[in-house]
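Visitor: got a structure for you, letters missing:
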């Protein structure tokens, strides 16, 4: 199937997960088992949505190379000119392994499709523990979902803020978001078992340097003045209320908000620029998979 499937978790309306919605024009780009919602003004993806069948994954060797997405005009994409001759990493939003399930041919096609620049985001090149944790969140949630359908849907994207520094004509996001959803067990009406229940968990990855606002502003200005990459910090990963992702991004996440396994978000204003210094109430910094809610069954 081409593109994201909103009914991947089951035919029941209770577990249907539509694409995020926006109050601004986004370009929908469909690929094997995932879709990209490209923000043409920012030249990066506001959101991606992918289906993951953990029982049918095929971890094939890496193949494919980065290229412009033929479904969007080149001037709406941040291509290789953003990443050339600097330490920026082309970070997959839909990670390569997630849509790689089904037959070998289907898995290979889906994995290679993730190497379009509309699915890339500029990120810190150096790996650290938090980035590795971020990359493995889908695996962690799949362990939990294994007790149910062993299927998850993953929505991921950039947090776009007005203060993002502009480098080579592209405003560099310093935060990224991810919401993972799955169907809790249930056999539906007429079976004596409850209908399946949608559950979700949300995360934010932050690459903002641990500096004061004044220090960050000064360091950013100096770097951009000489054509260098604006300062980026080591990744920090947070589990956050799904409702806070809506507040950060301005996107509508539909049923994912009410499905949050951690319950409703605290009723308070959200100040995203202070995330690196004083995480808002309800945000939990993650240092290991065991910190994630829910924990896999034992």
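Guide: Great, that's in hand. None of these values were measured; they are calculated from a predicted model.

Visitor: show me where pLDDT drops low in this structure?
Guide: Scanning the chain for pLDDT under 70 picks out the ranges 1, 127-128, 148, 186-193, 271-277, 295-298.

Visitor: For it, which segments count as helices?
Guide: Using DSSP state H, the helices of the chain run over 80-83, 104-113, 129-135, 137-145, 213-225, 242-249.

Visitor: export those helices to TSV and tack on mean neighbour count and distance to residue 196?
Guide: For every residue, glycine as well, the C-beta is placed using N, CA and C. TSV is the format used below for the helices of the chain (neighbours: other CB atoms under 10 Å; distance: least, CB to CB, whole Å):
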stretch	mean neighbour count	distance to residue 196
helix 80-83	16	42
helix 104-113	18	25
helix 129-135	18	28
helix 137-145	22	12
helix 213-225	14	45
helix 242-249	22	18
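
Visitor: Dump the ones you listed to JSON lines, plus distance to residue 204.
Guide: Conversion of the helices of the chain to JSON lines gives the following (distance: least, CB to CB, whole Å):
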{"stretch": "helix 80-83", "distance to residue 204": "22"}
{"stretch": "helix 104-113", "distance to residue 204": "26"}
{"stretch": "helix 129-135", "distance to residue 204": "10"}
{"stretch": "helix 137-145", "distance to residue 204": "11"}
{"stretch": "helix 213-225", "distance to residue 204": "18"}
{"stretch": "helix 242-249", "distance to residue 204": "7"}
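
Visitor: With respect to residue 59, which of these lies nearest?
Guide: Nearest to residue 59, of all the helices of the chain, is helix 104-113, at 8.7 Å by CB to CB.

Visitor: hang on, the earlier thing: select, out of the helices of the chain, the one closest to residue 72.
Guide: For these, the distance to residue 72 is smallest for helix 104-113, at 13.9 Å, taking CB to CB.

Visitor: Mind jotting down where the strands sit in the protein?
Guide: Here the chain has its strands, by DSSP state E, at 27-31, 34-39, 44-53, 89-92, 120-123, 151-159, 166-167, 170-171, 175-184, 197-206, 236-240, 284-286.
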